[in-house]
Every structure is written in structure tokens, then in C-alpha cells.
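Colleague: the sequence isn't on hand, but the structure is:
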């Protein structure tokens, strides 16, 4: 039905797409460690040695764990399996709260102690008016 | 059948259309903005800063949609030698570029009050920046190469390279840990955005789509006039 050239061009495009998809997949697979923005406390727990490199840890701020005094704030990041204590001095974002997501950037001192130089809040994908949230909370 | 499109016939329709699209765009945008800025409720967590979403999300959707359309048209156009498809792609690209920039800028403005940073090298944001570079490459290719055959080939290749990035943008938030939250609107499962916020979002998406259509028609008309001036009676 179609000319020979049309078929050739079709297979040319298809082969380019296949090669590209495979190579991008392999590249991303091997770079996975660098693509992730942060690591969870469980992943940190598996570390055998502590590098002096800046890393990011993400998870939930544990309930009733925030303690603040005049020059620093300490809290616990949890992924409900492992926990890590974080100490930070500076301004926290508006959405930083207990029971909400957080990403801390800084240096790991030992397995359970993290000195943060920057705190970012991570919020979830739920959007609703306050009244709906209140109604959900009552149930 | 596409090969024998007559520019004159298309032009008689597309030259009249922008007027009506503009009127419709203004109406839908007015409704969308009043809904999203005045009538929609504030978020329980983010309060009023959630309103940036009504610009950010539609812009991101449209830029992805336009890039996918451009790729489809370029590939089909390349295989079957349809010049008209390339002209449509070329006319679509500028609004895709603009919405890409809008998505990045509004995301940055939204990121500061919520996350606490203007910019993060997380997978979603970085892949969106890569898409912007592909848009720029695509539009530059049209400016650099004069010869039709050359420009058709090069722009098709650019779109194929760029389209690999589109599913990465979409699924980056599911595949990796990112600062960006996962999608709120899902086709297969229940959306995690309240209805009172979903409706303004949809109206704004319609408004932005009409805007892209308007820019597309204006660009496309220019292309048709160029062909007319060259004295060709078909594409």
C-alpha cells in the first residue's frame, strides 16, 4: 500500500525510539542513587561508613518530637521503621509540622544523629478545604 | 489525502477563527479566575498559596500535551512526507514553550512558601527544565535551517529525543524520592483533590487550552500567508 521509502522511514524512526528508550532506561537505572532527591532513614541505616559528604534525609516528622530552644530545634525524622535525630538552627518553612513530610540537608554525624544545614517541607498530594479536613478528622 | 490540502481553503477558515477563539478565551478565563481566586476555598494546610496551583498545573499539562502532539505530528509527517504536519508543529511550539516557562516560574514561586526553597534539583523539576531545553532546541532548529528537508528531519529527531523525557516527567514522582508531591489527579484511581478545587482547575485548563489554540491559529495563519506569497497553490 505504502511505498518502500515510507516503510524504511517507519522502521528508521521505530529503531531510533527503541534504542533511545533502552539507553535512557539503562542510564537512569545506573544513576538511581543520584536521581533520588533524598534518602529515607532505613536507607541511611544500611550505610556501613559515614562519608563527610552533604546528604539529604527525608521522611515524616515524628509526633511530639519537636523540641525548640533559643538557638536550635531538634526533631526526629521517621519512615515508621527507622528513625534519625536531627538538630538544626535556622528558620523552618511554614509547612514544617509534626506528622508532615520533611527533607533535611546536612551531614550525618553517626547512625542516629544528623546535623542539618537546611530544612525543606514536603507536602502530600491531598488538597481540601479546612472544613473538609475537620470533618475527616472527626471520623 | 493530507498531501493535497489547499492553503487557500484552510486559510479561509483559520483566518476567521482567532476572533471567536479570543472571545471564548476571555469568557472562560474570567470565569476561571473568579472561581479560582475568589470562590474556591483555601487549603487546610497551605491556605491561600494553593491558588498558585490553578496556574501551575494547567500550564504543566499543556506544555506536556503540546510536546506530545508536536512529536506525533513530526514523526507521522516525517514518515509520510506531510509538510502541513510540520507547519502545524512549528505553530504549536511557541505556546508550549511559554507554558513550560510559566510552569517552572510558578512552581518556583509556589516552592518558596511551601517547601522553603525556590529551586531544588529534584527529578520532576530537573526533567521539566530538560523539556524546556528541548523546546528551545526545536524552535532554534526552525530558525537555523532554511532547507525544508533538513529542518523536517532535524526537528523530528529533536522531538523523538525529547519525547523520551515526557514519561520521565510524568512518573518521576512515583519512581524516585522527590521533593515534589505525587499527582493529585488520577484517571484510574480517586483524585486526592477536593471537588471544590478541582472545578476551577479544570476551567483554568480549558482557558489555557483556548489560549494555546489562539496562538496556534495566529502562527499557522502566518505560515499559510508565507506559502501564499511564495506563489505555491498547495503545500
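Modeller: All right, it came through fine. Bear in mind that the values here come from a model prediction, so they are computed numbers and not experimental data. Residues are numbered from 1 along each chain as shown, chains lettered A, B, ... in the order given.
Colleague: all contacts plus neighbour counts: C-alpha atoms, from now on.
Modeller: Noted.
Colleague: and the residue most central in space within chain A, what does it touch?
Modeller: Nearest to the mean C-alpha position of chain A, by Cα atoms, centre = their mean, lies residue A:38 at 4.0 Å. Applying Cα atoms under 8 Å, 6 or more residues apart in numbering or on different chains, we find residue A:38 in contact with A:55, A:56, A:57, A:58, A:103, B:177, B:178.
Colleague: CSV for those, including pLDDT, secondary structure and neighbour count?
Modeller: As requested, those are arranged in CSV below (pLDDT from 0 to 100; DSSP: H, G, I helix; E, B strand; the rest coil; neighbours: other Cα atoms under 10 Å in any protein chain shown):
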residue, pLDDT, secondary structure, neighbour count
A:55, 87, strand, 17
A:56, 90, strand, 22
A:57, 90, strand, 25
A:58, 91, strand, 25
A:103, 92, strand, 25
B:177, 87, coil, 20
B:178, 89, coil, 24
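Colleague: give me every residue in chain A lying close to chain B.
Modeller: By Cα under 8 Å from any Cα of the partner chain, the residues of chain A that approach chain B are A:6-7, A:9-10, A:13, A:17, A:20-21, A:24, A:35-39, A:92-95, A:103, A:119-131, A:133.
Colleague: so which of the residues you listed are in strands?
Modeller: The strands, defined by DSSP state E, take in A:103, A:119, A:120, A:121, A:122 from the residues of chain A next to chain B.
Colleague: can you tell me how far the second one is from residue A:53?
Modeller: Looking back up the chat, that one is residue A:119. For residue A:119, the distance to residue A:53 (Cα to Cα, to the nearest Å) stands at 17 Å.
Colleague: so which of these two has more stuff around it?
Modeller: Counted by other Cα atoms under 10 Å in any protein chain shown, residue A:119 and residue A:53 do not tie: residue A:119 has more neighbours, with 24 against 9.
Colleague: just how off-centre is the helix or strand residue B:113 falls within within its chain?
Modeller: Secondary structure from DSSP states H and E places residue B:113 in helix B:83-114. For helix B:83-114, the separation from the chain centroid amounts to 5 Å (computed by Cα atoms, centre = their mean, to the nearest Å).
Colleague: that one - contacts with which helices or strands?
Modeller: Helices and strands touching helix B:83-114, by 3 or more Cα pairs under 8 Å, 6 or more residues apart in numbering or on different chains; DSSP states H and E, are helix B:53-80, helix B:123-144, helix B:195-229.
Colleague: now that helix: mean pLDDT?
Modeller: Mean pLDDT, helix B:83-114: 94.
Colleague: domains in chain A, by residue range?
Modeller: The record's domain parsing of chain A by automatic domain parsing lists A:4-33, A:36-122.
Colleague: helix/strand/coil for the nearest residue to residue A:21 once chain neighbours are set aside?
Modeller: Distances taken as Cα to Cα, 6 or more residues apart in numbering or on different chains place residue B:164 nearest to residue A:21, at 6.5 Å, with adjacent residues excluded. Counting by DSSP: H, G, I helix; E, B strand; the rest coil, the backbone at residue B:164 sits in helix.
Colleague: how many other residues sit next to residue B:164?
Modeller: Residue B:164 sits with 16 neighbouring residues when counted by other Cα under 10 Å.
Colleague: now do residue A:12
Modeller: Around residue A:12 there are 12 other residues, counting by other Cα under 10 Å.
Colleague: repeat for residue A:64
Modeller: Applying other Cα under 10 Å, we find 10 residues neighbouring residue A:64.
Colleague: tell me the confidence at residue 36?
Modeller: You didn't say which chain, so I picked chain A. For residue A:36, the model assigns a pLDDT of 87.
Colleague: my bad, the chain I had in mind was chain B
Modeller: Note on residue B:36: pLDDT of 92.
Colleague: just checking, it touches residue B:50?
Modeller: No. Counting by Cα atoms under 8 Å, residue B:36 stays clear of residue B:50, with 9.8 Å between them.
Colleague: does residue A:97 belong to a helix, a strand or coil?
Modeller: For residue A:97, the assignment made with three-state DSSP gives coil.
Colleague: cheers, nothing more for now.
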